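Visitor: Using only what follows, build the 3D model:
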Amino acid sequence: MAHRIPVTLWKSLMLVALCVVVAKDFAGASALRVDAAQPNCLSSTPGEGVTVVVSGDFGPSAPVPASNLMCLLGSSAQSALAGTWISSTRVQCDLPAANAMPASVDFVLRDYTYQLLPAKYMQLRITLDSNATRVPGWLPVFTPPATSLSGLVPDRGPIGGNTHVTVSSVGAIDNRDLRCKFGTVETNGNFIDATSYHCTSATVGSPGLVDVELKTEPTQMSMGVYLDGVDDYGVAPIPVAELSLNMTFETWWRPAEIRGRLQALIQSCVPGETPETNCEFWITVARPSATDPNLSAFGFGHEFYNGQNQEDNYYVLPLSAQSQWQHVSVVREIWDPTLAVCSTAGCPAIGEYRVYWNGELAGEPYQFTVNTMNGTTNTYVGALYTTSFFKGVIDDVRIVDYPKTQAQVQQGMHDVYTGYEPGTIVSWDFEPNHQVFSVTSYQSDMVTPHQYTNFITTPSNPTVPYQLNMGGGTALFAGQIVQAVAFAEFPAAPSGLQFLYYTPETITDFAPQHGRTSGGTVVTVYGTGFLNSTYLSCRFGLADPTPANFINSTTLTCISPAYSICSQGSESLVIQLFVSNNNQQFVVAAANFTYYQPATIQSVSPTQAPLTSTFPVTIFGSGFISTPEFRCLFGSHASVPLSITPTQVVCYPPPADSGEIVVVSVTMEGQTSPASQVIFTLFDQWSVVETTAVGIAIFMGICFAIVVFVHIWLFVHRNDKAVKASAPLFGQFILFGAYLGFGAVSAFFATPTDASCTVGIWFVFLSFSFMFASLFIKNWRIQHIFNNKKLDKAASKNLTDLRLSIALFFVVGIMIIILAVWTGTADDKVQIDDEGFASCYVNPTFQGILFAYMGVMMLFGIILAIRTRNIKEDAFNESRLISVAIYNVSFVTIIMIPLVTFTTDVRALLVMKSVGILFAVMVTVGLLFFPKIWQAAIHQRRVARMRNSSDQNTPGPTNSNTNAASARAGGINSPRGSQNNEGSQTRQTHSHVSHPSSDEAAVDMMQLPMSEFKSPSEQLRA
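Guide: This next block holds a predicted model:
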């Protein structure tokens, strides 16, 4: 008999089976999850869809039917698209382009603080049963703005690369993966703001244009958090067992400040402890460098037993790290975990720290000797406990429990983490699907959140329960959410931007090399390789660059900017001059550019000068710099300076035709000194001395007429015995010296110039030389004849006029040499007194030489006067006349020199010089010639009286009687020919003249040819 199962039992069994199935299904469903979407960006290209691969856990087998797998879009699954099963951990969703997305799909536009997001996102969910149920969790899929590039600044650079190029853009978004391509060479790039990127040019082999592309097409978006450096941080409790041994900390971060103050990136310390005590580990940035306060360091380490055992090390941070995305990994590897404490010397190393910057080892690994075991700790992100807050952006913070190798670090930089990777301790990625927050109140606009119950970043792996608490209530510790492109591609369409590579420019010279601190100096620069563009620029020292004016490839000009000289008392500042074809990479000139303070004019000496004067004027002031372009300005007239010091300048005033009153200033490098009140006057000196000069000229004309009369008389009576006795040739030289004296006076009439003063000084001293040298030489012959009783013919050859004339010109020649040396070496032939009147000037050295030479000649004349004083015949004895002439000249010289030196009145000075010269000339001429003229006149009157008497007493005159009468009247004036014609009759009749005297013999010796020359003793014997 068959047994039948009761209906109730059957129902019970069916219920149990159903429960088992349900239980199994529930168990399977609870394991389902979504981890990440790659890529997670829609395409911005119209009509271009994107295939998204979603990773997670989707059960052991594909849904049946396959159409049960669907991709749900929007916060409430407003749109469903067919999905594709790939594996139990991967499914595929084919999403349309952003512009083709169904309108029903809602997008999230703002972050939790109601700030607009650069890239909006939608929620993506997966269902395996036609939306009957959904796989737990959702993923953001972003729609980044379309980015276009519009320009390069600068658009050129040297072939050596390293040009920092700003790329203008529309719709730029922060980009961790930004790369720039110059031609075919890639370089690093950096996001600046929504309108620009930054790229660094690559090195190329030759100049030319290359295309520029940027990696701006997003494939993976990421979200980070900005910490403000004031009070933003996060904290999570992590057991000590998780952090005390092997570990790797890594994150993407973009520091806003890398120097100036200590900032903590992360630290894990015992709750309640002071910073940097009993800490499992810490990582700090921007710690001031011990060697250079302008540098900062990246530090890491740990402590044990209240800071008694510290293990820390620091690497210098490059300045390029600021405001740029960096990937940093700090690896701690323990070799011997059994040695926890070692405080003695020589402790063995038990492990090491390794730091990787962007996947590259930074410095040598740091080995440590003590380990940590501090119990329960809190892990702070962005702070040391609650101080030293970090300023910048952090993203994708991860800690794993094993030491990564460099290859693993480099691989992880390019992976999308899910948080389920083996060994993960924490994984905070700050994505919106891992943010937990709620708003309890709003601000007055009823839109912007004001108070939160909590803000938590949860791990991407919920089985690791270490949430990052970032504040609640009004104490919101985290700042704004930052979106960044994690991975990108180069756009398919070219950007159209080109970059010009050029051979670096050079500077060979520039001028001028000085300029005022107020700027405005036009500097011409010479070199090679200059390019005509708006980027062509100059830079003076540390000042901002200034635009340059392109002339040609080898010449440009630029204008110096204003520059401040900080040091007190400094008159100038020497800086370097730079030139650049791209206003960025500058080449430096070998010479320096000097800035000087604006020159100031304080006074001028003298304050006035004659119109035609060439006497230098000294300008006193400050800030004078010796440059080739320095000029003194007298009104609008420029003058090249003779000498320049910082406080005074010596210049010649300009010539003028009429009196002028001008303002004195200076110009350096084409820039005139500020207006001054210093006045310089050019006046007509002749108008001051004109009346005096006319009076002197009349007096000189009378003197000149007298000398001309003497000269004529000397020529007419050249054969008279008395004239012969005084050597008429040397009388001619004496009168020539007198004419030179008149010329000197005439030269001093004009307003003194170098030329007039040179002529006047030469004429004065040559006048003296000719007059007194002639007088002294002819009297030397007299004393030689009368004082040498044994004079023979051989010795007498040196007493002829020719030989004595040579001696005269030798004496005068010495004076000419002295005057020539003075003329060639003396620059100060004119001096101007305090009142501005010009006068001729001989420096004391040459004055001494000239007067010393005059003194030697006068001493010689005094000796001659003494040696000839006993000659009885007045016709030969000129000792008294010489003495008087020397006395007069000496008197004039001794009296006039101090008077002329200390006289300031120009009229009196002219009178004294003119009268002194004329007095010396006329007294000398008068002493030498007036007595002879007087004697000749008396003799002629006596002869005339005797002739008249003889004519009255004698019927007819005879030659013998006439000659006899003439001889009685004074035989010294009778012509020698008369004596010869008289013959023996005269010697018989007039026995008292039959024997020539020594005086007559001297006259004959001076006039006869050498064949007839006899000594006075021979003639007396004859």
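
Visitor: For the stretch 101-250 of the chain, just list every one of the strands.
Guide: 108-110, 116-127, 139-143, 148-153, 156-158, 164-170, 179-182, 185-193, 196-200, 208-214, 217-228, 234-238, 247-255 (DSSP state E, counting those that start in this stretch).

Visitor: most packed of the ones you listed?
Guide: Highest mean neighbour count of those: strand 156-158, a mean of 25 (counted as mean count of other CB atoms under 10 Å). C-beta: built from backbone N, CA, C; applies to glycine.

Visitor: That strand - contacts with which helices or strands?
Guide: Applying 3 or more CB pairs under 8 Å, 6 or more residues apart in numbering; DSSP states H and E, we find strand 156-158 packed against strand 497-502.

Visitor: The strand it packs on to strand 148-153, inter-axis angle?
Guide: Here strand 497-502 points in a direction 20 degrees away from that of strand 148-153 (axes from the mean of the first three to the mean of the last three CA atoms, to 10 degrees).

Visitor: Now do stretch 159-166: everything it contacts.
Guide: Residues outside stretch 159-166 that contact it (CB atoms under 8 Å, 6 or more residues apart in numbering) are 152-157, 180, 187, 192, 196-207, 212, 499, 501-504, 582, 584-585.

Visitor: try 6 Å
Guide: Leu152, Val153, Gly157, Ser196, Cys199, Thr200, Ser201, Ala202, Thr203, Val204, Pro207, Tyr501 (CB atoms under 6 Å, 6 or more residues apart in numbering).

Visitor: Including mean pLDDT and distance to Gly382, could the strands of the stretch 101-250 of the chain go into JSON lines?
Guide: Shown next, in JSON lines, are these (pLDDT from 0 to 100; distance: least, CB to CB, whole Å):
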{"stretch": "strand 108-110", "mean pLDDT": "88", "distance to Gly382": "23"}
{"stretch": "strand 116-127", "mean pLDDT": "92", "distance to Gly382": "22"}
{"stretch": "strand 139-143", "mean pLDDT": "94", "distance to Gly382": "23"}
{"stretch": "strand 148-153", "mean pLDDT": "93", "distance to Gly382": "34"}
{"stretch": "strand 156-158", "mean pLDDT": "96", "distance to Gly382": "38"}
{"stretch": "strand 164-170", "mean pLDDT": "94", "distance to Gly382": "30"}
{"stretch": "strand 179-182", "mean pLDDT": "94", "distance to Gly382": "28"}
{"stretch": "strand 185-193", "mean pLDDT": "91", "distance to Gly382": "21"}
{"stretch": "strand 196-200", "mean pLDDT": "93", "distance to Gly382": "25"}
{"stretch": "strand 208-214", "mean pLDDT": "95", "distance to Gly382": "31"}
{"stretch": "strand 217-228", "mean pLDDT": "90", "distance to Gly382": "4"}
{"stretch": "strand 234-238", "mean pLDDT": "81", "distance to Gly382": "6"}
{"stretch": "strand 247-255", "mean pLDDT": "92", "distance to Gly382": "10"}
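
Visitor: so which of the ones you listed comes closest to Thr823?
Guide: strand 156-158 (60.6 Å; CB to CB).

Visitor: That closest one: partners in the sheet, and parallel or antiparallel?
Guide: Strand 156-158 pairs in its sheet with strand 497-502 (parallel), by DSSP bridges.

Visitor: other SSEs contacting the helix or strand hosting Ala755?
Guide: Taking DSSP states H and E as the definition, one finds Ala755 inside helix 754-787. Judged by 3 or more CB pairs under 6 Å, 6 or more residues apart in numbering; DSSP states H and E, helix 754-787 is in contact with helix 728-749, helix 801-825, helix 844-867.

Visitor: if we go to 7 Å?
Guide: helix 728-749, helix 801-825, strand 838-840, helix 844-867, helix 879-902, helix 906-953 (3 or more CB pairs under 7 Å, 6 or more residues apart in numbering; DSSP states H and E).

Visitor: Could you chop the chain up by domain?
Guide: Using the TED database, the domains assigned to the chain come out as 51-111+120-128, 148-216, 247-264+280-304+313-415, 504-596, 614-683, 689-944.

Visitor: can you tell which of these is closest to Tyr233?
Guide: Comparing the domains of the chain under CB to CB, the one sitting nearest is domain 247-264+280-304+313-415, at 3.7 Å.

Visitor: How far does that closest one stretch from one end to the other?
Guide: 19 Å (CA to CA, to the nearest Å).

Visitor: ok, now stretch 81-100?
Guide: 13 Å.

Visitor: contact partners of that stretch?
Guide: With contact meaning CB atoms under 7 Å, 6 or more residues apart in numbering, stretch 81-100 is reached by 42-60, 62-63, 66-67, 69-71, 73, 124, 126, 141, 143.

Visitor: again with stretch 544-557
Guide: 522-530, 532, 536-539, 558-559, 561, 579-580, 583.

Visitor: try stretch 619-631
Guide: Outside stretch 619-631, the residues touching it (CB under 7 Å, 6+ apart) are 512, 514, 571-572, 594, 596-604, 632, 638-641, 644-649, 651, 664, 666-670.

Visitor: What is the end-to-end distance of that stretch?
Guide: End-to-end distance (CA to CA), stretch 619-631: 12 Å.

Visitor: Would you point out the most distant pair within the contacts of stretch 159-166?
Guide: Longest span within the contacts of stretch 159-166, CB to CB: Ser196 and Pro207, 26.1 Å.

Visitor: rewinding a little: as JSON lines, the domains of the chain with distance to Asp35 would be great.
Guide: Shown next, in JSON lines, are the domains of the chain (distance: least, CB to CB, whole Å):
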{"stretch": "domain 51-111+120-128", "distance to Asp35": "5"}
{"stretch": "domain 148-216", "distance to Asp35": "20"}
{"stretch": "domain 247-264+280-304+313-415", "distance to Asp35": "12"}
{"stretch": "domain 504-596", "distance to Asp35": "46"}
{"stretch": "domain 614-683", "distance to Asp35": "72"}
{"stretch": "domain 689-944", "distance to Asp35": "97"}
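
Visitor: So for Ala493, which of those domains sits nearest?
Guide: domain 148-216 (9.7 Å).

Visitor: quick one: Thr823 and Thr753, what's the gap?
Guide: 14 Å (CB to CB, to the nearest Å).

Visitor: Those two: which has the busier surroundings?
Guide: A count of neighbours by other CB atoms under 10 Å puts Thr753 above the other of Thr823 and Thr753, at 20 against 15.

Visitor: distance of that one from Phe490?
Guide: 83 Å.

Visitor: for Phe715, same thing?
Guide: 116 Å.

Visitor: Which of those two has more residues huddled nearby?
Guide: With neighbours defined as other CB under 10 Å, Phe715 and Phe490 compare such that Phe490 has more, 16 against 12.

Visitor: so who does that one touch?
Guide: Lys181, Glu213, Lys215, Glu217.
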